[in-house]
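Engineer: Kindly return the folded structure for what I paste below:
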Amino acid sequence: MKKRKLVTLVAMMLLVAALLAVTACTSNDESTPAPGTHAGQTQPPAAQTPPPTIPVVETGEMAIPAMMNPIGELPIVNQPVTLTIFTGAGAGIDYTTNLSSLELQYRTGIDIEWIQVPAADMATRRNLMLATGDLPDIFANGVGTHAAVFHYANLGIFRPITPYIPTFAPELQRVFGIHPYIHDDMIMPDGHIYAFTAVDDCFHCTMNLRMWIYWPWMENLGLEMPRTTEEFFDVLVAFRDNDPTGTGRQVIPMGAAFGTWDHGINSIVNAWITNNQDRTLMRNGQVAVIYDTEEFRDALRFVHRLYTEGLFAEESLVLDRAGLRQLNDSGPDGANNVGVHMANWVGGTTSHWNQGQWHIVPALMGPDGHQVTTYNHLRGNNRAVITNRVSDEMMPIAVRFLDSLLTDEMALLMVQGIEDLTWRRSDPGSIGIHGGPAMWERLTLDPPVQNITLGQIFPNFRSNDFRLSERANRDLPDGRVEQEVWLFEQSMNLLPYRDTIDNIVPMLIFGEAVTAELVDIETALTTFVDEMQARFIVGDLCLENDWDWYIRELNVIGLPRFLEIMQEAYDQRSARIAAR
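Structural biologist: From the prediction side, this is the model:
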């Protein structure tokens, strides 16, 4: 207990020092070094020597380091152990003095020797290290695609963790039990798992194809929320014709944003065919695309109808989120000027964000009864890998270190920071985002202080229950609620229509021989479909007369070969899963 208080005191002293440095504008030359480094060191020496051999206990199956404490207990070790970890960081972050880093090392008993580079240089520096063999023990904060991980695994640079999972990774097993398809995602073609994953189970993010409607206009016109495409059409006509602002000015019934998180007309297309963000889907075990189907053609007919009726802003076809925001704020004195925003987050497409004024349109039912919300499900990702610099004797310790990060307590430490400094446990009776009991809540430092949290550089598991158990303030001025509460409550309107994972093409791994070919074909197809979609909508191409030409062009570009490569990879994945 005394040691624990001492660590907390050190953390508070470091925070005070940081505040004084900001106030006095002094230099930070005397920062406290992290274990395993010396003052002023920014990265370890280029010449690295392998760690010494450590005593082990033979169990008959796998060597267990004698210095390791029982599974499930912290600290992990009872003698000093150092792991060298490579990662990138933003401005103002120094992991050698970072408060959460120091606390993490205290809890686990593992000293971390950081190799920290600017986030913008991380990929370049990592690739150089992989090419030269000048390796850390662990690469953190992402190590590339599955194909890249498997490539370096084949070279013997990344070590498989599969043999160690049953004994030394109970938390990873728990994650795989909750999300078995993530386990399937992580299996490489040789049957091994090489990386620890990060799982951020964000409820509203799983339904991120959204249409937001400006509710004051609905109330002014006495309209109800549309449930079908025809009812939606009628609402847009009312916005166009019936003066929803009460000022007599012309408004734009609907606009869209296209970008990383914003996917334009995809929400409308879902009324005819399930429109996953990459326009692929599974049909009876076969990989397919939606953009060569009659359902997709019918969806474009509907959007073309909206366009010809003046209900859909033409400029939306080339707008990103910022562009839609500018279009929306084009009313007098910057007033809202667009009634429906097809965007992931309306807070980014209007300057007049008020939670209660914007509602998510539930999944619309199309003429044939199709009604679905795209499921943006969690995917396995490569957040950290262990390199061949780690010996057989040290592997259990390295695996246990990364596995220990997958608990709720570690998620709070890494992402939120220090308890009672940047977060605290909620009082009994507090209400969470989900309306149930709150477990934790954020604390705000004034003035803000950097270098407290680790963020998401490591594997972590933030379950749906964990995220939604954050205390929420439902008593903001003007009847508003916090952003996360509004996103949760509005996303509940989409949940009944959320698609199943069975209709989504899973994460696939491609051989090096076909990867370049696949990328070339996919890029050409995406560019062509995006252009043709816009031309069909505005009428530059005719959906009745030019559709057959469009299909022929898809085949010329390479759609059959694209589907062949995808299907082969899917069949290989299915065989791996069946054989495990």
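Engineer: you'd agree residue 330 is up against residue 350?
Structural biologist: No: distance between residue 330 and residue 350: 11.1 Å, which falls outside the contact criterion (Cβ atoms under 8 Å). The way it works is simple: take the backbone N, C-alpha and C, and place the C-beta from them, glycine included.
Engineer: Looking at those two, which one has more neighbours?
Structural biologist: residue 350 (24 against 14; other Cβ atoms under 10 Å).
Engineer: helix/strand/coil for the more buried one?
Structural biologist: Applying DSSP: H, G, I helix; E, B strand; the rest coil to residue 350 yields a three-state assignment of coil.
Engineer: ok, the closest residue to residue 337 other than its chain neighbours - contacts?
Structural biologist: Nearest residue to residue 337, sequence neighbours excluded (Cβ to Cβ, 6 or more residues apart in numbering): residue 331, at 3.8 Å. Residues near residue 331 by Cβ atoms under 8 Å, 6 or more residues apart in numbering: 245, 249, 251, 337.
Engineer: Look up how far residue 264 lies from residue 331.
Structural biologist: As judged by Cβ to Cβ, to the nearest Å, residue 331 and residue 264 stand 22 Å apart.
Engineer: I'd like the secondary structure assignment at the residue in the chain sticking out farthest from the centre, please.
Structural biologist: Each residue of the chain has a distance to the centre, and by Cα atoms, centre = their mean the biggest one is for residue 248: 42.9 Å. On the three-state scheme (three-state DSSP), residue 248 is labelled coil.
Engineer: and the gap between it and residue 242?
Structural biologist: The gap separating residue 248 from residue 242 is 11 Å, by Cβ to Cβ.
Engineer: give me the beta-bridge partners of the residue minimising distance to the centre of the chain?
Structural biologist: Among the residues of the chain, the one closest to the centroid is residue 200, at 6.7 Å (Cα atoms, centre = their mean). Legend: beta-bridge partners of residue 200 under DSSP bridges are residue 462.
Engineer: which residues of the stretch 101-250 of the chain fall in strands?
Structural biologist: 110-118, 138-140, 195-196, 199-200, 211-214 (DSSP state E, counting those that start in this stretch).
Engineer: Show me what the longest one is packed against.
Structural biologist: When you say that, I think you mean strand 110-118. Packing contacts for strand 110-118, counted by 3 or more Cβ pairs under 8 Å, 6 or more residues apart in numbering; DSSP states H and E, involve strand 81-89, helix 99-108.
Engineer: repeat that with 10 Å
Structural biologist: strand 81-89, helix 99-108, helix 122-132, strand 138-140, helix 395-404 (3 or more Cβ pairs under 10 Å, 6 or more residues apart in numbering; DSSP states H and E).
Engineer: how far is that strand from where the chain is centred?
Structural biologist: Chain-centre distance of strand 110-118: 24 Å, with Cα atoms, centre = their mean, to the nearest Å.
Engineer: ditto for stretch 219-233
Structural biologist: 33 Å.
Engineer: going forward can the numbers begin at 25, since that is how I track them
Structural biologist: Shifting the count to begin at 25 puts that one at stretch 243-257.
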